[in-house]
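A.B. asks: Here is a sequence with its predicted model. Questions after.
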2 protein chains.
Amino acid sequence: MWDRFLRACRREPVDATPVWFMRQAGRYMPEYRAIRQKRTLLEICKAPELATEVTLQPVRALGVDAAILFADILLPLEPMGAPFEFAAGEGPRFFESVRDADAVERLRLIDPEDSLAYVLSAIRMIRAELDGKVPLIGFAGAPFTLASYLVEGGKSASFAVTKRLMYREPAVWSALMGKLAEVVRRYLRAQVAAGAQAVQLFDSWVGELSPIDYREYVMPHVRHILSDVQSLGVPVIHFGTGTAMLLDVMKEAGGTVIGVDTFTPLDWARQRLGSSVALQGNLEPLLLGAPRDLLARRVDDVLARAGTSPGHIFNLGHGILPETPPEAVKYVVDYVHERTAR
Amino acid sequence: MWDRFLRACRREPVDATPVWFMRQAGRYMPEYRAIRQKRTLLEICKAPELATEVTLQPVRALGVDAAILFADILLPLEPMGAPFEFAAGEGPRFFESVRDADAVERLRLIDPEDSLAYVLSAIRMIRAELDGKVPLIGFAGAPFTLASYLVEGGKSASFAVTKRLMYREPAVWSALMGKLAEVVRRYLRAQVAAGAQAVQLFDSWVGELSPIDYREYVMPHVRHILSDVQSLGVPVIHFGTGTAMLLDVMKEAGGTVIGVDTFTPLDWARQRLGSSVALQGNLEPLLLGAPRDLLARRVDDVLARAGTSPGHIFNLGHGILPETPPEAVKYVVDYVHERTAR
């Protein structure tokens, strides 16, 4: 069933639970590493034929039920006026961090059709190559997660600079989040127009906030994005980690599917969220490196907690890690399909 | 009321909600920095008169309702056979990581009365200096958190090496956790014998585990410690971060007080845990750097969620951060006392 993933997003009955993996295209795959040896991550993102190839690798190798665009959540920040590089083994480093009203003022409200045309070309190319085999998911980083990179100048451990700005300069914070939200809204809209059949909003680090802070400093900006993108009629997956206590406010902010992290049992998430959204998740990524019997037991546990009502998309609780054995990933795809065949 | 803190731990009525702060002695205090300029962290820990001075600084400066021993959770690992250093601005680095059966085998089951005598001397000295002014809290790191440092060789972002060992070598994992638990049990017992009037078990990174993993790989070892230490009759605070979904299993593992992180509203934690334990927490540490009116509103929110039944100890959701203004910390102590005076 080619549209198993889309049906599950809409909480419609499916022939088997759909499976895809966050970071299913990446360093754990030898096919990907072969390309990465010759190109940087950003070079791959910016060359539509390479991005297409890399996006399709896991679809061919694993039999997953959805392709996800190969891109990076930080791509929109460069044309906005915040260039960065990936320091070896260190994650992104921004050449200048954004910490005051002037720096926020200088950020540009880009037109993705122009500044991110390479992403939209990749989407069109991937759709043509997929030829209806499985749906294509587009994605973007959410404003809080993007803001944290800009403010800290890279990945942070404590998010101290981000939170200090948020608490001490609420007007600067709001201006920054507002600009990011508007760019992300345009970007996701453009991805759907180019052919993305669903989109995921990655708010990977939002679990660093308490519910009261999320509601005050983040929710309005996420809602600005999602209320618009949901009106396009495609499923919208709203994902973060460390979000057990945020799930209900995240749902309030938007999303037809809520992505659940590894730390939050799916049955608990279902109870918390009710039956009006689909759930995606949530196997511990490192279990892919565990002995097969333990892995199988834990997949069973995820499926049991997901229950038998429609509306579950099997995934990890976060992205696949570099040293993951590809055959374990393939094993999980087949195992989930087999165990849930109706 | 000198024993406000101990009474709240036992869920007895108090004249005002007790306040103390994790890392209340530390770099944010000029008095502490004056000593740190001349001594390393480990030198302070190992010199009982310096550890005593540093422990007492926040009691004098802030009017908190408890002193907490100045020490580091990693201290027991050095005599166990795993020496480390604090690399500048980087956190601890172990000279050798512990990743296989042989390395676990080599770890020594130390006698704290011997190997950690300097900590016990500090406790006796602090008790004498405090002279009943406020109670003294002792503490130790919990086995998972300690194991993660040993296995990773320092602080980790993904805990990948730790979890791989846990999943792939359950016997090695169990032996490592068993040794750590036995040492921590002895260490906390010795601290109580030396005069600690309460103890806190810091499982700072345990929120990296799902409830199912906590139950299987961690809980028996924590229980080994806490069932014994609780029998001594002193309050035992069981603390971790990222633990919303772990609170009930942590309570099952032990603790007369459960430490609640910033991300988990106290009213929700109370509902989850029932009234048989006291709760400690949970102001966002970075709010100490926020404008006074926002800080006051958020303290009010914590107090409102804690409710009016006995059994709340006011604290942060994690430790005080280095750039915190000391006067904001003092402000919170006075504000909480004032707002909760009965």
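C.D. replies: Cool, got the structure. All figures in this text were calculated on a predicted structure; none of them were measured in a lab.

A.B. asks: Enumerate every residue touching A:Asp111.
C.D. replies: Going by Cβ atoms under 8 Å, 6 or more residues apart in numbering or on different chains, A:Asp111 touches A:Arg186. Bear in mind the C-beta positions are built from the backbone N, C-alpha and C, glycine included.

A.B. asks: just A:Leu321 next, same as before
C.D. replies: Per Cβ under 8 Å, 6+ apart, neighbours of A:Leu321: A:Tyr28, A:Pro285, A:Leu286, A:Leu288, B:Ser158, B:Ala160.

A.B. asks: Now with 7 Å, please.
C.D. replies: Counting by Cβ atoms under 7 Å, 6 or more residues apart in numbering or on different chains, A:Leu321 touches A:Pro285, A:Leu286, B:Ser158, B:Ala160.

A.B. asks: do the same with A:Thr324
C.D. replies: A:Thr324 sits next to A:Tyr28, A:Leu288, A:Gly289 when contact means Cβ under 7 Å, 6+ apart.

A.B. asks: what about A:Ala269, how many residues close to it?
C.D. replies: Number of residues near A:Ala269 (other Cβ atoms under 10 Å in any protein chain shown) recorded here: 25.

A.B. asks: That one sits in which helix or strand?
C.D. replies: In the assignment (DSSP states H and E), A:Ala269 maps to helix A:266-273.

A.B. asks: A:Leu180 and A:Pro143 touch, don't they?
C.D. replies: Yes - A:Leu180 is within contact range of A:Pro143, at 4.1 Å (criterion: Cβ atoms under 7 Å).

A.B. asks: one step back: out of the contacts of A:Thr324, who's near chain B?
C.D. replies: The residues of the contacts of A:Thr324 that also fall near chain B, by Cβ under 7 Å from any Cβ of the partner chain, are A:Gly289.

A.B. asks: Any chance of the contacts of A:Thr324 in JSON lines with secondary structure, neighbour count and pLDDT as columns?
C.D. replies: JSON lines is the format used below for the contacts of A:Thr324 (DSSP: H, G, I helix; E, B strand; the rest coil; neighbours: other Cβ atoms under 10 Å in any protein chain shown; pLDDT from 0 to 100):
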{"residue": "A:Tyr28", "secondary structure": "coil", "neighbour count": "23", "pLDDT": "97"}
{"residue": "A:Leu288", "secondary structure": "helix", "neighbour count": "24", "pLDDT": "98"}
{"residue": "A:Gly289", "secondary structure": "helix", "neighbour count": "18", "pLDDT": "97"}
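
A.B. asks: Contact distance from chain B - what residues of the stretch 201-342 of chain A qualify?
C.D. replies: A:207, A:210-212, A:242, A:244-245, A:262-265, A:268, A:284, A:286-287, A:289-291, A:294, A:301, A:321.

A.B. asks: and those, which are buried?
C.D. replies: A:207, A:210-212, A:242, A:244-245, A:262-265, A:268, A:284, A:286-287, A:289-290, A:301, A:321 (16 or more other Cβ atoms under 10 Å in any protein chain shown).

A.B. asks: now the end-to-end length of stretch A:134-151.
C.D. replies: End-to-end span of stretch A:134-151 (Cα to Cα, to the nearest Å): 37 Å.

A.B. asks: what about it, near chain B?
C.D. replies: No - shown here: stretch A:134-151 not in contact with chain B (Cβ under 7 Å from any Cβ), separated by at least 12.7 Å.

A.B. asks: now that stretch: how far from the chain's centre is it?
C.D. replies: Counting by Cα atoms, centre = their mean, to the nearest Å, stretch A:134-151 is centred 6 Å from the centre of its parent chain.

A.B. asks: For the helix or strand hosting A:Val329, give the mean pLDDT please.
C.D. replies: Taking DSSP H and E as the definition, one finds A:Val329 inside helix A:326-340. Averaging pLDDT along helix A:326-340 gives 98.

A.B. asks: what's near enough to touch the residue of the stretch 1-150 of chain A found nearest chain B?
C.D. replies: Nearest residue of the stretch 1-150 of chain A to chain B: A:Gly91, at 9.2 Å (Cβ to the nearest Cβ). Going by Cβ under 7 Å, 6+ apart, A:Gly91 touches A:Gly154, A:Lys155.

A.B. asks: who does it bridge with?
C.D. replies: As for beta bridges, A:Gly91 partners with A:Ala87 under DSSP bridges.

A.B. asks: so which helix or strand takes in the residue positioned nearest the centre of chain A?
C.D. replies: The centroid of chain A falls nearest to A:Phe202 when counting by Cα atoms, centre = their mean (3.9 Å). Per DSSP H and E, A:Phe202 falls inside strand A:198-203.

A.B. asks: And the contacts of the helix or strand following that strand?
C.D. replies: Toward the C-terminal end, the helix or strand that comes next after strand A:198-203 (DSSP H and E) is helix A:211-213. By Cβ under 7 Å, 6+ apart, the residues outside helix A:211-213 that reach it are A:Met245, A:Leu246, A:Val249, B:Pro265, B:Asp301.

A.B. asks: Now do the last one against chain A, distance only.
C.D. replies: Just to be clear, that refers to B:Asp301. Using Cβ to the nearest Cβ, to the nearest Å, we find B:Asp301 at a distance of 6 Å from chain A.
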